[in-house]
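S.K.: Let me see the structure of the following:
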Amino acid sequence: RRLGGAAMAITSEELNYLVFRYLQESGFQHTAFCFCSESGVAKTRISSDDVPPGALVSFLQKGLQYLELEANLNDDKDDPEADFSLLSAHDLITKDMEQLKMAVRERRERAEKDKAREEAKRKAGEA
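M.R.: Residues are numbered from 1 along each chain as shown. The predicted structure follows:
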């Protein structure tokens, strides 16, 4: 069963295997055993040799990086050189895209105001 409709989608079998491996690698042996039994991971055609250690965590980190990049895209194209705003993992997993974009805009506006204040101080010091 495909999750999502895109060609880059992950199957539930693949996701279950990643979760199973994560549980094993994290020392949750009993939980991994139960999950394997209930999810049917043991019947998968995925070879453990094909999946690097830490694959689920790596996959999630890349997804969070993608969300961060998407949130930093400048919709109005006013300033293609705008500073990249780093977002916390907590923000990335708890906020939707509109909230993330708003947070980026607010940070950029604050940075512009701070920059303008610093420039005004610098000019005042030169006078």
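
S.K.: Residues contacting the one helix or strand His90 maps to, please?
M.R.: Applying DSSP states H and E as the criterion places His90 in helix 89-94. Helix 89-94 has contacts (CB atoms under 8 Å, 6 or more residues apart in numbering) with 64, 67-68, 100, 103. All C-beta atoms are positioned from the backbone trio N, CA, C, and that covers glycine.

S.K.: what element comes up after that helix heading to the C-terminus?
M.R.: helix 97-126.

S.K.: Quick one: list the elements packing against that following helix.
M.R.: Packing partners of helix 97-126 (3 or more CB pairs under 8 Å, 6 or more residues apart in numbering; DSSP states H and E): helix 55-72, helix 89-94.

S.K.: in terms of contact, does Val57 touch Tyr22 like I think?
M.R.: Yes - counting by CB atoms under 8 Å, Tyr22 is a contact partner of Val57 at 6.9 Å.

S.K.: which of those two has more neighbours?
M.R.: Tyr22 (19 against 13; other CB atoms under 10 Å).
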